[in-house]
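In: After the sequence you'll find the predicted model.
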Amino acid sequence: MSVNATKEDELLRSVKKRNTLMRLFRYLLTYKLVIVAVIFIMIITVSISILNPLIIRRAVDVHIAKRDMNGLLILGGFTLCLNIIFVLLVKLRMYLMAKISNDVLLTIRQELYTHIQKLSFSFFDSRPTGKILARIIGDVNSLKDVLSNSVTTLIPDFITICAVVVIMLIMNWKLALAALATLPLMLFGLWYIQTRSHIRWQVHRKKSSNLNAFIHEDLSGMRIIQSFTAEDETEESFDHLLKEHRDSFIHAIVLNDGFFSVVDISWGLGTIAMYYVAVKLLGITDANVGTLIAFGMFIGMFWHPIMNLSNFYNQLITNITGAERIFDILDTKPDIADAGDVIDLPQIKGEVRFDHVSFAYDEDTQVLNDVSFKVKPGETIALVGPTGAGKTTIVNLISRFYDVQEGHIYIDGYDVKDVSIESLRNQMGIMTQDNFLFSGTIKENIRYGKLDATDEEIIAAAKAVNAHDFIMKMEKGYDTELQERGNGLSIGQRQLLAFARTMVSMPKILILDEATSSIDTHTEVLVQQGIEALLKGRTSFVIAHRLSTIRKADRVFVIDEGKILEEGSPDELLAKRGLYYHLYMAQFKNI
Ligand SMILES: Nc1ncnc2c1ncn2[C@@H]1O[C@H](COP(=O)(O)OP(=O)(O)OP(=O)(O)O)[C@@H](O)[C@H]1O
């Protein structure tokens, strides 16, 4: 059962913002050399921009005051060259930073994807796919500006502020102090806003995630929605989620906009204070016009980076939740993982033994109770029983998609926990009811069962399960492109392709959840023959829905309420007139 349903907000572990930031910026360290180059470029560009007011001061106080036109022209030419270099360097810096930040996003996405592939079924049980997608796509994207601005804004603006403050203090410390007097006001304002803003952005990201999950689920289930004419209801749910998404954004952005007002007010008041002091100083002492113009420019050069920094801080607060959500997944340990000292399962014969196995998906409900059985290599076991009895659970445990809480499962005498998961699953063929096919060619889909299979092996597998003929009737045969999930193929054809995919992997143990959907008689015969081909020579567990499969099974396990109630050959069980007999009579008496 999903603990994190589509419309519910996700739960996140709480982590310190500082830790998240440090971890995020650690990704940048891989690009140390480029960052040093970027910083070097920035030192030059910042120096050029700091020179400009000083050049103007010189132009006004020296050349214009002395009417020295030649000197003014030379100064103008020099300034022009300087600023052309400035523009070129800024372009180069932007290119380098765009490259680094995109490379970091790529790395994070790759790490996330690789990690998610290792996570256990329980992780996917508890999260709608749309929410996982939201983290890989949306949350990672949200980090782009934070990463690039962290170097391009944080460093040059910080250098600019320090340099401007030092120059202003040297030029006239009284004017400087007057201009900076409102700094504490700004710091207090920013602190006040950020403490409240972060939570609001967390809520907004969760609402985005809900919306994403809903859209994903809605699109995947569109056929069902349309067949049950449930469009109005889903639209209502969509509108509701959309409204929550919008409201949470407005709630957060309203507070965020305060960032700029706080800086603007502090900037304005600081400028007034500076001119107030300047006018008084001008009246009495040494401040001349050039100094005042330069000071006016410096004040802009001081507050502008402060505005940039607050903007960056604002971005950080807005998007840090994206990083928190990404690291939340990266820190999720797979429930099912190889223990330190596992061995590779050698080539098996296919004996399966359950030894007093008990299992529950969560603390509340016990699903399997003390189940024990032994299956010989090559035996076909049909699992039958009412819905929810625990049949799928038994087969999921054999492939170790979940770990048992009590007891042991042995394959050829090896406890499944003592062997590597890869070597275990490599010798199993698992066919669920959902014969999931990927977009790609038929050949590629079959090759999924064994990645190094030759074309001959693929064709042999397809022939063995009766898929070859229908494939050859298609326009491009094995090279026919399939649509997503195999749309465009009939249900029977999809089943046959899934059989071929399993066949090519030549598993020693086969797990087959037989599809219940009815198909036309001709395909049904092909499918039955396909199943028989698959079962031949391997230990098989079939969650059986076809009478023919049950009849051909060596033994039938009748499962109910997490226990094996009856066990024996189909004929023995019929003769016993127990639960199997009743199930049989209810399901198959008319066949
Ligand atoms: N991922 C899960 N998380 C929590 N509970 C689960 C999960 N999967 C199954 N269950 C519960 O475990 C019990 C056994 O389910 P299981 O799927 O094994 O039954 P089944 O016999 O295969 O049923 P069916 O024939 O309907 O597929 C059910 O009560 C089900 O609700």
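Out: Nice, I can see it.
In: Next up, the contacts around the spatially most central residue of the chain.
Out: Among the residues of the chain, Ile136 comes closest to the average C-alpha position under Cα atoms, centre = their mean, at 2.7 Å. Counting by Cβ atoms under 8 Å, 6 or more residues apart in numbering, Ile136 touches Arg109, Leu112, Tyr113, Ile116. Every C-beta, even on glycine, is put in place using the N, C-alpha and C of the backbone.
In: Spell out which parts of the chain neighbour the ligand.
Out: Counting by Cβ under 6 Å from any ligand atom, the residues of the chain close to the ligand are 1, 125, 361-362, 367, 385, 387-393.
In: What does Arg538 show for phi and psi?
Out: Note on Arg538: its backbone torsions stand at phi -130, psi 160 [degrees, to the nearest 10].
In: which element is Phe40 on?
Out: helix 32-58 (DSSP states H and E).
In: so what does whichever helix or strand comes after that helix touch, helix or strand wise?
Out: The first helix or strand that comes after helix 32-58 along the chain, using DSSP H and E, is helix 69-118. With contacts taken as 3 or more Cβ pairs under 8 Å, 6 or more residues apart in numbering; DSSP states H and E, helix 69-118 sits against helix 32-58, helix 140-141, helix 144-149, helix 289-330.
In: Number of residues surrounding Gly270?
Out: 22 (other Cβ atoms under 10 Å).
In: related to what we said a few turns ago, filter the contacts of Ile136 down to the buried ones, ChimeraX style.
Out: In ChimeraX, this line selects whichever of the contacts of Ile136 come out buried by 16 or more other Cβ atoms under 10 Å:
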select :112,116
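In: Could you export the contacts of Ile136 as CSV, including distance to Arg494?
Out: CSV is the format used below for the contacts of Ile136 (distance: Cβ to Cβ, whole Å):
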residue, distance to Arg494
Arg109, 31
Leu112, 30
Tyr113, 26
Ile116, 26
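In: Closest to the ligand out of the contacts of Ile136?
Out: Nearest to the ligand, judged by Cβ to the nearest ligand atom, of those is Ile116 at 17.4 Å.
In: For Phe373, give me the pLDDT.
Out: Looking at Phe373, its pLDDT is 94.
In: Please apply the same query to Gln587.
Out: So, for Gln587, pLDDT stands at 69.
In: ok, how many other residues are close to the residue of the stretch 401-550 of the chain found nearest the ligand?
Out: Relative to the ligand, the nearest point of the stretch 401-550 of the chain is Ile543 (6.3 Å; Cβ to the nearest ligand atom). Other residues near Ile543 number 23, with proximity taken as other Cβ under 10 Å.
In: how far away is the residue of the stretch 1-150 of the chain found nearest the ligand from Tyr361?
Out: Ranked by Cβ to the nearest ligand atom, the top residue of the stretch 1-150 of the chain for proximity to the ligand is Asp125, at 4.1 Å. Counting by Cβ to Cβ, to the nearest Å, the separation of Asp125 from Tyr361 is 7 Å.
In: For the longest helix along the chain, name the packing helices and strands.
Out: Assignment by DSSP state H gives helix 231-284 as the longest helix of the chain. If you count contacts as 3+ Cβ pairs under 8 Å, 6+ apart, helix 231-284 packs onto helix 173-180, helix 183-220, helix 289-330.
In: Show me what the second one is packed against.
Out: Read it as helix 183-220. If you count contacts as 3+ Cβ pairs under 8 Å, 6+ apart, helix 183-220 packs onto helix 129-134, helix 231-284, helix 289-330.
In: that older thread, out of the residues of the chain next to the ligand, which end up buried?
Out: Neighbour counting with 16+ other Cβ under 10 Å marks Val367, Gly385, Ala389, Gly390, Lys391, Thr392, Thr393 as buried within the residues of the chain next to the ligand.
In: Could I get the phi/psi values of the closest residue to the second one other than its chain neighbours?
Out: Read that as Gly385. Spatial nearest neighbour of Gly385, chain neighbours left out: Ile559 (3.7 Å); criterion: Cβ to Cβ, 6 or more residues apart in numbering. Note on Ile559: its backbone torsions stand at phi -100, psi 140 [degrees, to the nearest 10].
In: swap in Ala360?
Out: Dihedral angles (degrees, to the nearest 10) for Ala360: phi -140, psi 140.
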